[in-house]
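*Asks:* fold the following for me, if possible:
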Amino acid sequence: MRTRTKVAWWIGGVLGVATLATVALHLAPVRGLLGMKPLGTGTKSAFCPFGYGKQPATEAHAPRPIPTEPRPALGFALDVSGPADLALWAAAHGIHCTPQHGGSVLECADLAAATTLWFRFDGLALAAIQTSRRAPDARGVATAFDATTSAISAAVGTPTTSDGSASADDLARGALRQAMVEYRRPGYHAVVRATNMGDGFVLTESYATGL
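*Replies:* This is a model prediction of the structure:
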């Protein structure tokens, strides 16, 4: 699924400056998977790896307080990073990113570990991130799923909801087998999914603010 599928990956249904040392520490394994250094998803679909759904309407550019609690987001900081920060990050890593939807969405493709990465901005602040990466086998996606969810749980606590089994054996049972873990906190929403696509496996991560 590319960005020409309408950008409804936001946490209804979903790489900014680090949330300082706490988030950077908790997300070190995830940043390693993405080959990056820190810069200082509601309605569920059972078979879509992104869990697309309709995002509740919010007032554009509305100011909101920034939570002080950890909000892991691949080493970036929600509500803090802006387009200029992302441009510097992309240039430093030799990554090509393309503005979409009038500049409110930035798509970065062909990363070493993440097939595609999307950033959405609310005005000049990073509002949401989604990444999709493929794994050749069930064990690879299961290992990545466990590492990702363990890092988030270490930062914010136990998941709000979960569904399906992320064991390699269960994911390998057939196409559309999926595991999902969701975290909801004030000003933070994260969803991680591992999906058997039939021709391979996909791990998707979605991080957003504003809830």
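*Asks:* what is the helix or strand hosting residue 193 packed up against?
*Replies:* In the assignment (DSSP states H and E), residue 193 maps to strand 188-196. Secondary-structure packing of strand 188-196 (3 or more Cβ pairs under 8 Å, 6 or more residues apart in numbering; DSSP states H and E): helix 138-156, strand 178-185, strand 201-208. From N, CA and C alone the C-beta is placed, and that goes for glycine too.
*Asks:* can you rerun that using 10 Å?
*Replies:* strand 125-135, helix 138-156, strand 161-163, helix 168-171, strand 178-185, strand 201-208 (3 or more Cβ pairs under 10 Å, 6 or more residues apart in numbering; DSSP states H and E).
*Asks:* Serialize these to a markdown table and add fields for mean pLDDT.
*Replies:* Listed next are these as a markdown table, based on pLDDT from 0 to 100:
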| stretch | mean pLDDT |
| --- | --- |
| strand 125-135 | 94 |
| helix 138-156 | 97 |
| strand 161-163 | 97 |
| helix 168-171 | 97 |
| strand 178-185 | 97 |
| strand 201-208 | 96 |
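*Asks:* winner for burial among the ones you listed?
*Replies:* The highest average neighbour count among those, using mean count of other Cβ atoms under 10 Å, belongs to strand 201-208 at a mean of 26.
*Asks:* and the end-to-end length of stretch 195-209?
*Replies:* 24 Å (Cα to Cα, to the nearest Å).
*Asks:* could you list the paired strands of the strand holding residue 193 along with their orientation?
*Replies:* If you go by DSSP bridges, strand 188-196 pairs up with strand 178-185 (antiparallel), strand 201-208 (antiparallel).
*Asks:* can I get those in TSV with distance to residue 159?
*Replies:* Converted to TSV, the strands paired with strand 188-196 look like this (distance: least, Cβ to Cβ, whole Å):
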stretch	distance to residue 159
strand 178-185	5
strand 201-208	13
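*Asks:* between these, which gets nearest to residue 164?
*Replies:* Comparing the strands paired with strand 188-196 by their distance to residue 164 (Cβ to Cβ), the top pick is strand 178-185, with 4.0 Å.
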